[in-house]
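Enquirer: Need a 3D model of the following:
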Amino acid sequence: MAAGGFCKLPNGTVVVALNLPRPAADGPGGVRVLVHAANRARALTRLRNLGLRAVYLRGNAAPPTPDEITAVLHHPDGLIWRTAPDNGVTDLTIELWHPIRALLRRPTPQT
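Expert: This is a model prediction of the structure:
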């Protein structure tokens, strides 16, 4: 079960954060995905529409940090990811945030 959480913003929208396993082709580890949407259901629908069908949010064990909220609000798509740390501690020195299309992009076969 993936850890995740949400934070309701003053304007009524939400930011949902999910720790998901990395796609098998990309190696071990996980990713932290942030979604900005009108409500929790729409945030999960955005991810499901991108092909992440088995995404659920149960509880609020790992809500987004203020820095994560700022990052997703400043991204034009409102949907970003980065590698999740192994120890469960959010460390801003890990790597920069990436647009979701970079995670879902399939590697091209080399000839």
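
Enquirer: what does stretch 61-68 contact?
Expert: Contact with stretch 61-68 is made by 3-7, 15-17, 19, 32, 34, 72, 90, 92, as judged by Cβ atoms under 8 Å, 6 or more residues apart in numbering. (Glycine included, C-beta is placed from N, CA and C.)

Enquirer: Who wins on neighbours among those?
Expert: Neighbour counts for those (other Cβ atoms under 10 Å) peak at Val16, which has 27 neighbours.

Enquirer: and it, bridged to which residues?
Expert: Phe6, Val35 (DSSP bridges).

Enquirer: With Ala102 as the reference, measure out to it.
Expert: To Ala102, Val16 is 19 Å away according to Cβ to Cβ, to the nearest Å.

Enquirer: just to confirm, which helix or strand has Thr45 in it?
Expert: Assigned by DSSP states H and E, Thr45 belongs to helix 40-49.

Enquirer: How far off centre is that helix?
Expert: Centroid displacement of helix 40-49 relative to its chain, using Cα atoms, centre = their mean, to the nearest Å, is 11 Å.

Enquirer: Check which residues of that helix are buried.
Expert: Neighbour counts over helix 40-49 (16 or more other Cβ atoms under 10 Å) mark 40, 43-44, 46-47 as buried.

Enquirer: Which residue comes closest to Gly4 once chain neighbours are left out?
Expert: Nearest in space to Gly4, with sequence neighbours left out and distances taken as Cβ to Cβ, 6 or more residues apart in numbering, is Leu18 at 4.0 Å.

Enquirer: Over to that neighbour. Which of the three states is it?
Expert: Here Leu18 is recorded as strand under DSSP: H, G, I helix; E, B strand; the rest coil.

Enquirer: and it, how many residues sit next to it?
Expert: If you count neighbours by other Cβ under 10 Å, Leu18 ends up with 26.
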